[in-house]
Structure formats: structure tokens, C-alpha cells
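*Asks:* sharing a model prediction with you, sequence too.
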Amino acid sequence: MLNITNNRIDSFINKEQFQSMRLFKEKKHYKIIRKFIWAFFILILLFLFLPWTQNIQGTGNVTTLKPNQRPQTIQTIIGGRIEKWYVQEGDFVKKGDTILFISEIKEDYLDPNLLQNTENQVNAKENAAVSYSDKVKALENQMRAIENEKDLKLKQAQNKLKQAYLKIQSDSIDFEATKTQLKIAKTQYNRSLSLNKDGLKPMTDVEEKRMKLQESEAKIITQENKYISSQNEVLNATMELNRIRAEYAEKNAKASSDKQTALSTQYDTEAQVNKLKNQYKNYEIRNGMYYITAPQDGYVNRALQSGLGESIKEGTAVVSIMPAKYDIAVETYIDPVDFPLINKGERVRVWFDGWPTIVFSGWPGVSFGTFGGVIVAKENFISQNGRYRVLVAPDPQDKKWPEQLSIGAGTQSLALLNDVPIWFEIWRTLNGFPPNFYQPTTTEKSKK
């Protein structure tokens, strides 16, 4: 039938005896069908050599580009009891608007005059610290007065010691003079006595010399006593000098000890003042936490707590807010086998659920309803769904994304890779091979 060889069987058999031969006997319309089939196979063969753009497909949803623009929950910093709601679901709130008011439930903060009482304690401690500071200054003045008095007393004692030394010198000279006079009196007495024996001097002269000798002996004893007394005065003056030094050293040490005690008490009081100030500031800040306010402009999506009089703990989520201004983006998830082919800065095509779309994945040029995007980030750790997350932002060089898109809407994405023949893509898909690995132009330029 395919005319592969010239050896035909129709010359050896009778075709009329077979019903199938009679049924498919060559007729004019059969030839047309055969030509059509041949043309169809030729077209399919040519079709297999047409170019096909390899791509990576992903699914995800609409999100925001920046983390602070995504829906957020507002938590209470402190525990309390719900007293009043100022908003309802769907309301638009500005930054700083009050959402909820809670009252105190902890017994440590129930006093309505807590701030005033704490402030009074701070003032009292500050006055005590000032008093101790004045006491330190008074003790310093007392120490200076003690030093001045000590200097005067030491000078006075040193003068007395100096006088005692001078008196010793004077008495010593007088004592030596008395000794000399005694020697002279003894010599005169012996001479008079000798002359009297020889009859050259009268007895009266001997008696006179004897009296002078006795006076000199008595005078030397007196002078020696004075000399010894002067020495005792030096010792007394030295002891007085040491006593003064010891006395004022004790006074100075006592005043210094009192000063250090006052300083220690002052520093301790100042530490208590700082602690009370910190406590007062904490109370003041806590009073401002009873009103839960909006951190930014947005819409109240959902109240996570309800009712009045309900007690909530610190860190409890009370309301969910969607920011009013946000930069839209798409988070899409790709298979792990395609992850090495995705690079930051590459362009992708995105289409959204509910938006009219006609997509030809291999021929992106004939697709309709897709929008351009740029990969701005990709996670290097696999997500819980077993795929990798990729963040796509609008392509500024392409048409704008629809303004009617809402956060959370479903999306699909298409990352374009190399161009290959269709037969190669079919062969790759049937064998489960990944797309061809390649380095994008943006990566090569950045390396250069």
C-alpha cells in the first residue's frame, strides 16, 4: 500500500475474491482522501519543527510588594477588659484613630491616683537626695575647718618645741658656765686655804672663799635642775605635737567617714529616684495603652474579639486591618525542579482569575489577557506546599495591571525560557526532563 517496493502482490492474487479489496477499490474520492491524509501528515511533520518557547508555570495569588502593606492584626500590649468599641467591620480608619478602649484588670495598677502618688514619692526622694548632698558639702567644710585648725595647732606646738630646744641650749650654756665658776671657786678656795696655812691670807678670806664655793656648788645643782627641766619641756612639746596630729587625724577620719556615709546614702537615694522615675514613666506609658489605635491608614477587615466586659491577655489579636495604600504584587509557587531556572530580574507573564484570558504557553506572542511582571525575590527554602515561593512585581515597561484586583485573588504565571522545536519539547515532556538550563542576559551583565 505504501509502494515501498516494486514487488506487488496484486499480480499474484485475484483481488475480486476478497471483499475488503472490492470495498477499497481505487476510486476518485479515495485518492482525494489519501492525498489529504498525506498532506495532514506532512503538516504535522512540519509542525514538529516549529519553534516552541520553553516555560515554567506557577500558581499563586495576589499580594503586596512590601511587608508593611499586607493585611495585619493589631494586638493588645497589655491585658485588660473590653470597655468600648469605636469602629465596626468595613470602616476606614486613619493612623492614630482609636479602635478599642480597654480598662485595667491587674491589681498593681488599679489605684486611680497611681501616677500622682508615684510622682510624690519621686519628689520626696529627690528632696532627700538634695539633703544628703547638702550634708556632704557641710562635712567637706567641716573637714577643711579641721585641717585649718590642725595647721594652727601644729604651728603653735612646733613653736613651743622650738622654744624648748632654745631653752635647752640656754640652760646648757648656763650649766657649763656654772661648772666653770665651780672650778674657779674650788681653785680660789684651795689657794686661800694654802696661803692661810702659810700665814699669807687671813682666815676671813678663807671663809669667804669657802662660802663662794658652797654657793657655786648650790648654783650648779640648781642649774642642772633647770637643764633637765628644759629637756623635759622638749619631750613634752614633742608629745604635744604628736597628740595634736593624732587628735586631728581622728577628727578628720570621723568627718571623712561621715562624708562617705552621706555620699553612699545620697547615691542610694539617687538610684531610688531613678527607679521611681522609671516606674512613673512606665505607669504613664501604660495609661496610654488603654486606647488601641490604628498603626496606619486602612480598612477594618474583621474584629477578632467581640462583646463588652470580656477580658483579654496581653498580645491578644483584637482586629485585622488592610492598609489603604499598597503596591500590588503576585506570589507564585513553582516546582523544585524548575527552581534553578528562576532568577531575580527576569520577566514573566501573569494572568488573573476572573480576568478574560487566552493563553498559549509556547507562543506568548499570541496570548491575550496576560500582564508583564518582573521577579523581585525568591525564597531559598521550600514552602509547606512542597514548592518554592517567587515574588513578582508589575513590569514598568509593560501595561498596568488591573486596578480592580483584590488581595488574595488567584493568579497563574508563566516564566519564558529558551526557544526549542516542538518535537524536542514533546520528547522532553514524555521523558520527564526539566527545561534546558541557561544563564539569563541580566545575570551575565551583572557579573561583568
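*Replies:* Nice, I can see it. Keep in mind that this is a model prediction, so the values were computed, not measured.
*Asks:* quick one: the helices in this protein, in order.
*Replies:* 19-23, 28-47, 114-197, 203-288, 422-431, 441-447 (DSSP state H).
*Asks:* least reliable of those helices by average pLDDT, please.
*Replies:* Of all the helices of the chain, helix 441-447 carries the lowest average pLDDT, namely a mean of 48.
*Asks:* one step back: quick one: closest of the helices of the chain to Ile74.
*Replies:* Proximity to Ile74 (CB to CB) singles out helix 203-288 among the helices of the chain, at 15.2 Å. C-betas here are computed from N, CA, C, even on glycine.
*Asks:* which neighbouring elements make contact with that closest one?
*Replies:* Helices and strands touching helix 203-288, by 3 or more CB pairs under 8 Å, 6 or more residues apart in numbering; DSSP states H and E, are helix 114-197.
*Asks:* so what does the helix it packs on touch, helix or strand wise?
*Replies:* Contacting helix 114-197 under the criterion 3+ CB pairs under 8 Å, 6+ apart are the following elements: helix 203-288.
*Asks:* angle of the helix it packs on against helix 114-197?
*Replies:* 170 degrees (axes from the mean of the first three to the mean of the last three CA atoms, to 10 degrees).
*Asks:* that older thread, looking at the helices of the chain, which is nearest to Trp351?
*Replies:* Nearest of these to Trp351, taken as CB to CB: helix 422-431 at 21.2 Å.
*Asks:* rewinding a little: quick one: the helices of the chain as CSV, columns for mean neighbour count and distance to Gln384 too.
*Replies:* Listed next are the helices of the chain as CSV, based on neighbours: other CB atoms under 10 Å; distance: least, CB to CB, whole Å:
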stretch, mean neighbour count, distance to Gln384
helix 19-23, 9, 62
helix 28-47, 10, 41
helix 114-197, 15, 47
helix 203-288, 15, 39
helix 422-431, 13, 28
helix 441-447, 10, 29
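*Asks:* any idea how far the closest residue to Ile77 other than its chain neighbours is from Ile102?
*Replies:* Take Ile77 and drop its neighbours on the chain: the residue closest to it by CB to CB, 6 or more residues apart in numbering is Met289, 5.1 Å away. Distance of Met289 to Ile102, given as CB to CB, to the nearest Å: 8 Å.
*Asks:* list the residues that contact both of those two?
*Replies:* Thr76, Ile78 (CB atoms under 8 Å, 6 or more residues apart in numbering).
*Asks:* those two - which one has more neighbours?
*Replies:* Ile102 (22 against 15; other CB atoms under 10 Å).
*Asks:* list the contacts for the more buried one?
*Replies:* With CB under 8 Å, 6+ apart, Ile102 has these contacts: Thr76, Ile78, Gly80, Arg81, Ile82, Glu83, Tyr290, Ile292, Ile312.
*Asks:* return a ChimeraX selection command for the buried portion of those.
*Replies:* Command for ChimeraX, covering only those of the contacts of Ile102 found buried under the criterion 16 or more other CB atoms under 10 Å:
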select :76,78,80,82,292,312
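*Asks:* going by distance to Gln116, which of the contacts of Ile102 wins?
*Replies:* Within those, the smallest distance to Gln116 is 17.3 Å, found for Tyr290 (CB to CB).
*Asks:* ok, that closest one touching Ile105?
*Replies:* No. Tyr290 is not in contact with Ile105 according to CB atoms under 8 Å; the separation is 11.1 Å.
*Asks:* one step back: minimum distance to Leu405: which of the helices of the chain has it?
*Replies:* Among the helices of the chain, helix 441-447 sits nearest to Leu405 (CB to CB), with 26.8 Å.
*Asks:* ok, back up a step: okay, and the common contacts of Tyr290 and Ile105?
*Replies:* By CB under 8 Å, 6+ apart, the residues touching both Tyr290 and Ile105 are Gly80.
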